[in-house]
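K.L.:
What follows is a protein structure lacking sequence information:
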């Protein structure tokens, strides 16, 4: 609850299952222990939220606009299959540029693939949040946004990763 500049946080739920990443577990514990009880809350004109614990620990949260805010709408959900290998493709500013090889995949409302996807094509842009790993083919669910007034050398669409639906290692 938030009242009179104080944020009160009740006990947080947590799993007792061990995470394989010890550093991540330690970070989780450190953050959750600091977010207990009553914290002084301040937000500046830029939206930066500062929480101060009773012990004097200071937590600073910087706002980051969502893709919907950046691109001015909800975007369109599409599924893309990303081939395991990139291919050299022509880029006016970058010699030996490597493009992802991508094709759109269709699913019905039950999650079953529909039809046959077309051929892989060069994908000159990027998928925000996606890191390609050579030798791994992925099907990804992305949000596709129209970019209003893109620069002359930039794409008119932006792609933001929502989730990886399928992965397979290919040789």
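P.N.:
Nice, I can see it. Nothing here was measured: the structure is a model prediction, and the numbers come from that model. Residues are numbered from 1 along each chain as shown.
K.L.:
Residue 135 is in contact with residue 169, correct?
P.N.:
Yes. With contact defined as CB atoms under 8 Å, residue 169 reaches residue 135; the gap is 6.1 Å. Where C-beta positions appear, they are placed from N, C-alpha and C, glycine not excepted.
K.L.:
What residues of the lowest-mean-pLDDT helix or strand in the chain count as buried?
P.N.:
In the chain, no helix or strand scores lower on mean pLDDT, DSSP states H and E than helix 22-34, which sits at a mean of 84. Neighbour-count burial for helix 22-34, counted by 16 or more other CB atoms under 10 Å, picks out residue 34.
K.L.:
After that helix, which helix or strand is next?
P.N.:
Next helix or strand after helix 22-34 toward the C-terminus (DSSP states H and E): strand 37-43.
K.L.:
Residue 75 is in contact with residue 143, isn't it?
P.N.:
Yes. Between residue 75 and residue 143 there is a contact at 3.7 Å, judged by CB under 8 Å.
K.L.:
that older thread, are there residues contacting both of residue 169 and residue 135? Which ones?
P.N.:
In terms of CB atoms under 8 Å, 6 or more residues apart in numbering, residue 169 and residue 135 are both contacted by the residues residue 84.
K.L.:
picking up where we left off before, need the residues touching each of residue 75 and residue 143.
P.N.:
In terms of CB under 8 Å, 6+ apart, residue 75 and residue 143 are both contacted by the residues 67, 160.
K.L.:
Outline the domain layout of the chain.
P.N.:
As given by automatic domain parsing, the domain ranges for the chain are 2-61, 67-169.
K.L.:
Quick one: end-to-end distance for the first one.
P.N.:
Separation of the first and last residues of domain 2-61 by CA to CA, to the nearest Å is 16 Å.
K.L.:
what pairs with residue 166 across the strands?
P.N.:
residue 139 (DSSP bridges).
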